[in-house]
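Engineer: Next come a sequence and a model predicted from it.
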Amino acid sequence: MAVDEKLKIELGKQGIVVTTIQELYNWGRRSSVWPMQFGLACCAIEMIATTMARYDMARFGSEVFRPSPRQADLMIISGTVTKKMAQQVVRLYNQMAEPRYVIAMGACAISGGPFKQGYNVLKGIDRYIPVDVHIPGCPPRPEALIQALITLQEKIDVQPLTGEERPRHLDAEAQGEFPVPVFGEHDLEPASNKGVWTVPKIIQ
Amino acid sequence: MKTVEEIKAAIVAAVPGAEVTIVPNPSPSAQTSLLIDPAHAFAIAEFLRDDEDLALDFLSNVTGVDWLDKEIAEKVKVTRQVEKPVEGGEPGQVQIVDETVEETHKHVEPGYLEAVYHLFSIAKKHGPVVLRMRTPNRTDKVELPSFTPVWRSAEFQEREVFDLFGIVFTGHPDLRRILMWDEFKDHPMRRDYVEPDDFEYEPTAHDEVLKRAQEHKAEVAAGEVEP
């Protein structure tokens, strides 16, 4: 149910707050997105810088980096995901409680980046887990990470609590656990999770 | 420090039966290396470490090189006797003439795997001395002696060479893969390594990637792989 914006402002002037459960619920969620404390490569240095005084991610409610996936809402994939590390990343994501979000930070996390042609590098973490925000850059500046967080907050803000568009944690049918790839003789098996990732079409 | 020739002479004097070949390096670094035979390699290594003049107590680097089978074409001038019709003579009348022909002979030089060691002396402040060892071939005879008992720093680096090149170091205390996972079967730094076809082809592919993209496209068209 939407509230008329003008009426809301008018009532606000009179000291009356009008809101909806959905708005309140999403405001609460988006204002306390706690990231998981783990870094994979050089992007992690920028992630650390983002939390420090100069960029101060605390302004957006994301200052509490939790060392346990059970207490974290956001996974920042900060750096190259090697094929050997991919299992751990997917496993950590599986251990996180819903609602959970993923930011793929930097060229490596979104596509393999400069190491894309390496035999040991996963060509983008979105092959195994759903990614909410991708940030390009090598590494992205702290401002870019803050932009990604704001983008994520905007995404959370408009999530309806009921209906087809509702988030995964309110959908009992939704897939909660993502299969962990196993080490094969030549590559990870399977090479991607077909449920979350399809080969992008090349438009020529 | 002794020159490479002097080191070679010292090795041959100290280790009876050792075969040492000097491999020249024409580049500006001029790091001429010593090719040693695997059978005496361990004795040579101990000598290099314990000799008072050399005292090569520090192994700084171990690496591998993959040399593929090489096809060598040589042009050889061969003189042969050829029958030729006599000019102005009767039809059918022939004479034997010597003729020089250029022939190309091709032979395949078998490939091998090579381990390269860089040694320094911290006590004497000199180095590097570069050692090389070669395996008989690149397929089944890929054993070389391990230098880990002589220089402890060889342990992880020999494991890396084993992982990426497939050289089996006999006498290594813990020869396992170090970078790739244990189930992995290939050796990625070998020059005939085939990468898994997990590439996400960009629209602006060029060079090597374009070639792979085209091969991938053909395989998809033939229905051999999923897109």
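Structural biologist: Structure received.

Engineer: can you map out the strands along chain B?
Structural biologist: Under the criterion DSSP state E, chain B contains strands at B:20-23, B:33-36, B:58-67, B:70-85, B:94-109, B:112-121, B:126-134, B:143-145, B:168-170.

Engineer: For chain B, what is the nearest residue in chain A?
Structural biologist: Distances between chain A and chain B by CB to the nearest CB are smallest at A:D187, namely 3.7 Å. Yep, even glycine has a C-beta here, placed from its N, CA and C like the rest.

Engineer: which residue sits closest to that residue, ignoring its sequence neighbours?
Structural biologist: Counting by CB to CB, 6 or more residues apart in numbering or on different chains, A:D187 lies nearest to B:P196, which is 3.7 Å off, once chain neighbours are set aside.

Engineer: Which strands or helices does the longest helix along chain A pack on?
Structural biologist: If you go by DSSP state H, chain A has its longest helix at helix A:142-157. Using 3 or more CB pairs under 8 Å, 6 or more residues apart in numbering or on different chains; DSSP states H and E, the elements in contact with helix A:142-157 are helix A:21-30, helix A:43-51, strand A:101-105, strand A:133-135.

Engineer: run the last query once more with 6 Å
Structural biologist: In terms of contacts (3 or more CB pairs under 6 Å, 6 or more residues apart in numbering or on different chains; DSSP states H and E), helix A:142-157 is packed against helix A:21-30, helix A:43-51, strand A:133-135.

Engineer: mind giving me CSV with these and columns for mean neighbour count and mean pLDDT?
Structural biologist: Below are the helices and strands packed on helix A:142-157 laid out as CSV (neighbours: other CB atoms under 10 Å in any protein chain shown; pLDDT from 0 to 100):
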stretch, mean neighbour count, mean pLDDT
helix A:21-30, 15, 90
helix A:43-51, 20, 93
strand A:133-135, 22, 94
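
Engineer: Now render the ones you listed as JSON lines, adding distance to B:E87.
Structural biologist: Shown next, in JSON lines, are these (distance: least, CB to CB, whole Å):
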{"stretch": "helix A:21-30", "distance to B:E87": "102"}
{"stretch": "helix A:43-51", "distance to B:E87": "83"}
{"stretch": "strand A:133-135", "distance to B:E87": "83"}
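
Engineer: Export the ones you listed to CSV and append columns for distance to chain B.
Structural biologist: Formatted as CSV, the helices and strands packed on helix A:142-157 follow (distance: least, CB to the nearest CB, whole Å):
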stretch, distance to chain B
helix A:21-30, 32
helix A:43-51, 20
strand A:133-135, 14
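
Engineer: out of the strands of chain B, which comes closest to B:I44?
Structural biologist: The closest of those to B:I44 is strand B:33-36. By CB to CB, the value is 5.3 Å.

Engineer: ok so, going back, name the residues that touch the next helix or strand after the longest helix of chain A?
Structural biologist: Next in sequence after helix A:142-157, counting helices and strands by DSSP states H and E, comes strand A:182-183. If you take CB atoms under 6 Å, 6 or more residues apart in numbering or on different chains as the criterion, strand A:182-183 is touched by A:E189, B:W181, B:E183.

Engineer: Neighbouring strands - and their directions - for strand A:182-183?
Structural biologist: Using DSSP bridges, the strands paired with strand A:182-183 are strand A:188-189 (antiparallel).

Engineer: how close does the residue nearest to the spatial centre of chain B sit to chain A?
Structural biologist: Of all residues in chain B, the one closest to the mean position by CA atoms, centre = their mean is B:W67, 3.6 Å from it. Here the criterion is CB to the nearest CB, to the nearest Å. By it, B:W67 lies 20 Å from chain A.

Engineer: Next, the contact list for that residue, please.
Structural biologist: Neighbour list for B:W67: B:G111, B:Y112 [criterion: CB under 6 Å, 6+ apart].

Engineer: Pull the longest helix of chain A out as CSV, backbone CA atoms only.
Structural biologist: Extracted C-alpha coordinates of helix A:142-157, given in CSV (Å, rounded to 0.1, in the frame of the first residue of the first chain):
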residue,chain,number,x,y,z
PRO,A,142,36.3,3.0,-2.2
GLU,A,143,33.7,5.4,-3.7
ALA,A,144,32.8,2.7,-6.1
LEU,A,145,32.2,0.2,-3.3
ILE,A,146,30.1,2.8,-1.5
GLN,A,147,28.1,3.3,-4.7
ALA,A,148,27.6,-0.5,-4.9
LEU,A,149,26.3,-0.5,-1.3
ILE,A,150,23.9,2.4,-2.1
THR,A,151,22.8,0.5,-5.2
LEU,A,152,22.1,-2.5,-3.0
GLN,A,153,20.2,-0.4,-0.5
GLU,A,154,18.1,1.0,-3.2
LYS,A,155,17.4,-2.6,-4.4
ILE,A,156,16.4,-3.6,-0.9
ASP,A,157,14.2,-0.5,-0.5
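
Engineer: May I have the predicted confidence score for A:E143?
Structural biologist: Looking at A:E143, its pLDDT reads 94.

Engineer: Disregarding residues adjacent in the polypeptide, which is nearest to it?
Structural biologist: Using CB to CB, 6+ apart and skipping residues adjacent in sequence, the residue nearest A:E143 is A:Y55, 7.3 Å away.

Engineer: What confidence value was assigned to that neighbour?
Structural biologist: For A:Y55, the predicted pLDDT is 92.

Engineer: Please give the number of neighbouring residues around it.
Structural biologist: Number of residues near A:Y55 (other CB atoms under 10 Å in any protein chain shown) recorded here: 17.

Engineer: before we move on, what about A:K116?
Structural biologist: Count around A:K116 with other CB under 10 Å applied: 18.

Engineer: what helix or strand is the closest residue to it other than its chain neighbours on?
Structural biologist: Spatial nearest neighbour of A:K116, chain neighbours left out: A:K123 (5.9 Å); criterion: CB to CB, 6+ apart. Using DSSP H and E, A:K123 falls within no helix or strand.
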